[in-house]
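Enquirer: What follows is a predicted structure for the sequence shown.
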Amino acid sequence: MSTRHTERRKRAALRWGVIGLTLLFFFIPLYGMLEFTTRDLISGGRTGRVWTTLVDVGQVTDRYPALAEGFLASLALALFTVVVMLLLLVPTMTWVRLRLPGLTRTVEFICLLPLTVPAIVLVVGLTPIYAWVSYLLGEGTVWLGLAYVILVLPYAYRSLDAGLRAIDVKTLSEAARSLGASWLRVMWQIVLPNLRTAVLSASFLSVALVLGEFTIANLFSRKNLQVAMYELGKSDGQLSVAVGLASLVFAFVVLFAMSFVGRKEKS
Amino acid sequence: MTATPSPAASARGTEVRLTDLTRVYAGSVRALDGFTLHMAPGEFVALLGPSGCGKTTALRLLAGLEDADGGTIEVGGKDVTSVPTNKRDMGMVFQAYSLFPHMTARQNVEFGLELRRQDKATRHQRAAEMLDLVGLSKQADRFAHQMSGGQQQRVALARALAIEPQVLLLDEPLSALDAKVRSQLRDEIRRIQLEVGTTTLFVTHDQEEALAVADRVGVMNAGRLEQLASPAELYKNPATPFVAEFVGLTNRLRCTVSGGVATVLGGSVPLLAGSAGDGPAVVLIRPEGVEISTAPAGSGSVAGASASVVSASFLGASGKIVARLDASAGGGGELVSVQVDNTDVTAYAPGDRVILSPRGDAALAVAVS
């Protein structure tokens, strides 16, 4: 009995040890960022200058217009990407599940493919396409969202696929159809409400990815939050790091809110 | 159960004609092969058959959930073969639980009415009536996960009936339920169908279910209708050996046929039409078509075939004795099921010597060569 007790304690210690190490791994860089942004580079003490500047929206907009522009562009990009991704994936995946189950593997392969293509390679392939996009739709940063939809496909596909597996889409949609519902109504009133958690999770992953994207925006010379932060870093390193930390905290808050929504729905 | 629907029901139901329907899967599998069925207004028809016989395909074609490769579907005199599902006006209850999980029972029932642009008060009233009809008024505000399987299927039935469909389609709605609920809901479906008078097509693989509720039962095999008849007719006069074997428990015994009479178990049994010609054959006899008696002591000869009891089972309303024929009886050790009164079960024990003989009016006797 005592041997089993000791075993259990050992296992608990190991578990907590692993958790502790993981937390350290995540929090040491964050602590480093916080420490750096509160350092008074002239007197050597501590100062809240960077953070008071950052929370003063008016001052940021006046003094760092590129940052405000990048932030707004990233928000617009996140929204655009999520909307296009959902419009593209939800009906396609539902239709494949209902009518073309033989294509499931192909669609999965196509959606997961972007994982294997490095961003730099993607840019090479996208360059001639974006020449046409710029020609037809203009130079707006928001059109970067078309490339971002490709980037988020693997993550969004996985989330939506899990959601679709959890419900009997075929029977539910056939029931709705037999009661007189059009396909549009089936999607809007039956499929989407039952995929709420999966849609939220796919949307969050997409938002997180878009807010952190740098390579493609930079190589296409478009200004999003990451590019603005990078440029800001050249003139004010502390403020740039503070913006980075703030955007991470923002992402954590969104994640927490999402998990809360998911849990509430389950109960 | 009658072959003709009640006049009250007929007045409200719709006529359905499925003519020469064909459905081919993956280029070569013929799920339906010239399937033809005519349902009178208000009639309750059950399609019965083994897995893969095409019964569900027939129902799905009628619902418009699949397209026919050939043939026509007429409902109320109108050709609906190429009308989409949502325009066919049919209520359907599925084998799998199909309530919309994010809606309450009432909202589920109201869904079809909302699509028909009925105002809120009418929807509420109709939903309340329908839930009352299936005995679930008190569960109106519950979600699917808060209800039992039987309750969910009742709500699904209420939802299908709420839209006053031309045809009610039931795709094995009871198969996921336990035996007691299944039998209760089966009777309830019949009661409600008679009350509302909707023409109903019921697909099942459970012969007891089909025989218990339907006006007529269609037995299907390999994409075709083998026989369509009233439950009693189907049981007593099966048109083909397949129907004979599929409907009801049947003994297969070797026999000799001569002039339309089979000699089996030491007696003679008149054969039904369509049986094999003269010569050795196999005769199908129902358990209730065999008589059993204890073998007399000594070696006196008695009409019948001698056998030994293998098992004696009490089945509630009746009893079943399984006996093995003696090799000398010409049967070579075949097992024979005999139906007896439940009070007689205790008279037999494994190992007892018995005499089996065919009843003069053997419930079924079809010889197959």
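Expert: Thanks, I have it.

Enquirer: hmm, stretch B:23-37 touching chain A?
Expert: No - against chain A, stretch B:23-37 shows no contacts by C-beta under 8 Å from any C-beta of the partner chain, the least distance being 10.1 Å. To be clear about C-beta, it is placed using only N, CA and C from the backbone, and glycine gets the same treatment.

Enquirer: Now do that stretch: everything it contacts.
Expert: Residues from elsewhere that reach stretch B:23-37, judged by C-beta atoms under 8 Å, 6 or more residues apart in numbering or on different chains: B:16-22, B:45, B:52, B:54, B:57-58, B:61, B:66, B:68-69, B:71, B:218, B:220, B:222-225, B:228.

Enquirer: count of neighbours near the residue in the stretch 101-250 of chain A that chain B sits nearest to?
Expert: Proximity of the stretch 101-250 of chain A to chain B (C-beta to the nearest C-beta) peaks at A:Leu179, 3.7 Å away. A:Leu179 is flanked by 29 other residues according to other C-beta atoms under 10 Å in any protein chain shown.

Enquirer: Contact partners for the closest residue to it other than its chain neighbours?
Expert: Excluding the flanking residues, the one nearest A:Leu179 by C-beta to C-beta, 6 or more residues apart in numbering or on different chains is B:Gly112, at 3.7 Å. The neighbours of B:Gly112, taking C-beta under 8 Å, 6+ apart as the test, are A:179-180, B:91, B:159, B:162-163.

Enquirer: same thing but 7 Å
Expert: A:179-180, B:159, B:162-163 (C-beta atoms under 7 Å, 6 or more residues apart in numbering or on different chains).

Enquirer: Which secondary structure state does it sit in?
Expert: For B:Gly112, the assignment made with DSSP: H, G, I helix; E, B strand; the rest coil gives helix.

Enquirer: Could you report the separation of it from B:Leu174?
Expert: 22 Å (C-beta to C-beta, to the nearest Å).

Enquirer: Okay, domains of the chain per the record?
Expert: You didn't pick a chain, so chain A it is. Following automatic domain parsing, chain A resolves into domains at A:2-52, A:63-266.

Enquirer: Actually, chain B is the one I wanted.
Expert: For chain B, the structural domains run B:7-241, B:249-368, going by automatic domain parsing.

Enquirer: for those, which one ends up most surrounded?
Expert: domain B:7-241 (a mean of 19; mean count of other C-beta atoms under 10 Å in any protein chain shown).

Enquirer: Quick one: distance of that domain to the chain centre.
Expert: 13 Å (C-alpha atoms, centre = their mean, to the nearest Å).

Enquirer: In a helix, B:Thr56, correct?
Expert: Yes - remark: B:Thr56 belongs to a helix, assigned using three-state DSSP.

Enquirer: I figured it hits B:Leu169, correct?
Expert: No - counting by C-beta atoms under 7 Å, B:Thr56 sits too far from B:Leu169 to count as a contact (10.2 Å).

Enquirer: now stretch A:60-73: how far from the chain's centre is it?
Expert: Taking the mean of its C-alpha atoms, stretch A:60-73 sits 21 Å from the chain's own mean (C-alpha atoms, centre = their mean).

Enquirer: what's next to that stretch, contact-wise?
Expert: A:53-54, A:141, A:223-225, A:227-228, A:231-232, A:243.

Enquirer: Dump these to a markdown table, plus distance to chain B and pLDDT.
Expert: Output for those, formatted as a markdown table (distance: C-beta to the nearest C-beta, whole Å; pLDDT from 0 to 100):
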| residue | distance to chain B | pLDDT |
| --- | --- | --- |
| A:Thr53 | 46 | 84 |
| A:Leu54 | 41 | 83 |
| A:Thr141 | 37 | 81 |
| A:Lys223 | 41 | 87 |
| A:Asn224 | 36 | 88 |
| A:Leu225 | 36 | 88 |
| A:Val227 | 41 | 90 |
| A:Ala228 | 41 | 89 |
| A:Glu231 | 46 | 87 |
| A:Leu232 | 45 | 86 |
| A:Val243 | 40 | 89 |
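
Enquirer: got a winner among those residues for most neighbours?
Expert: That'd be A:Asn224 among those, by other C-beta under 10 Å, with 30 neighbours.

Enquirer: What residues does it make contact with?
Expert: Shown in contact with A:Asn224 (C-beta under 7 Å, 6+ apart): A:70, A:73-74, A:77, A:141, A:213, A:217.

Enquirer: on that earlier part again, which of the domains of chain A sits most buried?
Expert: Comparing these by mean neighbour count (mean count of other C-beta under 10 Å), domain A:63-266 ranks first with a mean of 18.

Enquirer: Could you tell me how far it lies from the centre of the chain?
Expert: How far domain A:63-266 lies from its chain's middle: 7 Å, per C-alpha atoms, centre = their mean.

Enquirer: Adjacent strands (with direction) for the helix or strand harbouring B:Leu201?
Expert: Using DSSP states H and E, the element containing B:Leu201 is strand B:199-204. Note on strand B:199-204: by DSSP bridges, its sheet partners are strand B:44-48 (parallel), strand B:167-171 (parallel).

Enquirer: Can you name the residues in contact with it?
Expert: So strand B:199-204 is contacted by B:13-14, B:16, B:39, B:41-48, B:55-56, B:59, B:62, B:167-172, B:193, B:210, B:213-214 (C-beta under 7 Å, 6+ apart).

Enquirer: got it, and stretch A:33-48?
Expert: With C-beta under 7 Å, 6+ apart as the criterion, stretch A:33-48 contacts A:50-51, A:238, A:241-242, A:244-245.

Enquirer: What is the end-to-end distance of it?
Expert: Taking C-alpha to C-alpha, to the nearest Å as the measure, stretch A:33-48 stretches 13 Å from start to finish.

Enquirer: Return the residues in contact with B:Arg154.
Expert: Residues counted as contacts of B:Arg154 (C-beta under 7 Å, 6+ apart) are B:134-136, B:185.
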